[in-house]
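Engineer: One predicted model, sequence on top.
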Amino acid sequence: MPCAKLASRKSSAPPASRKRSPQRFLRTRCIRRLTLRRLKKRLAVAAALVQAPDLLLLDEPTNHLDLAGIEWLESILEDAPFACVVVSHDRYFLENVATVMVELSRSYEDGFLRVEGNYSKFSKPKKIIFTRSRNTRKP
């Protein structure tokens with residue numbers, strides 16, 4: 001309902017069946033908070049993009065984005081004219097966005113594993129290295 005019609009409408013007490021229960025109130029409040037977080041995250045990314053960065057650092061960028069927001073971010077990063085470093089646990093996002101994967105860990109000989117490609121290409125050598133290290137530990 002448009003805002004003008006809503007404002008001109010007479011206020012009356014809601015019928016007993018439509019009264020807000022505490023659970024409904026909390027659920028509505030949670031949904032509003034989630035929506036605000038999603039919008040804030042999108043606005044923060046947009047604000048960074050407006051500055052035309054040479055390097056964009058994103059720490060868990062998909063945490064407070066909905067599916068539409070994640071797809072929007074993926075489309076932007078796909079053809080981005082700048083370098084981007086992403087720290088994320090979202091494998092699907094990394095699959096779609098990453099061109100080079102780096103994982104830091106003491107378990108690697110050099111302290112890190114670097115693989116050209118997306119998450120799928122990264123997971124194969126990681127699995128091989130993990131299997132080798134497990135086999136060498138066994139007596």
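Structural biologist: All right, it came through fine. Because the structure is predicted, anything quoted here is derived from the model rather than measured.
Engineer: Break the chain down into its domains, please.
Structural biologist: 20-85, 98-139 (automatic domain parsing).
Engineer: Going by neighbour count, which residues of the helix or strand harbouring residue 76 are buried?
Structural biologist: Taking DSSP states H and E as the definition, residue 76 sits inside helix 67-78. Neighbour-count burial for helix 67-78 flags 69-70, 73-74, 77 (criterion: 16 or more other Cβ atoms under 10 Å). Placement of C-beta: from N, CA and C, glycine included.
Engineer: That helix: what's the following helix or strand?
Structural biologist: Downstream of helix 67-78 (by DSSP H and E), the next one is strand 83-87.
Engineer: That next one relative to helix 67-78, how many degrees between them?
Structural biologist: 140 degrees (axes from the mean of the first three to the mean of the last three Cα atoms, to 10 degrees).
Engineer: For the nearest residue to residue 95 once chain neighbours are set aside, grab the count of nearby residues.
Structural biologist: Closest residue in space to residue 95, ignoring its immediate chain neighbours: residue 119 at 4.4 Å, by Cβ to Cβ, 6 or more residues apart in numbering. Other residues near residue 119 number 19, with proximity taken as other Cβ atoms under 10 Å.
Engineer: I'd like the average pLDDT over stretch 122-134.
Structural biologist: For stretch 122-134, mean pLDDT is 69.
Engineer: Can you show me the strands along the protein?
Structural biologist: 55-59, 83-87, 100-104, 112-116 (DSSP state E).
Engineer: Switch these over to JSON lines; also include distance to residue 126.
Structural biologist: Below are those laid out as JSON lines (distance: least, Cβ to Cβ, whole Å):
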{"stretch": "strand 55-59", "distance to residue 126": "21"}
{"stretch": "strand 83-87", "distance to residue 126": "17"}
{"stretch": "strand 100-104", "distance to residue 126": "7"}
{"stretch": "strand 112-116", "distance to residue 126": "6"}
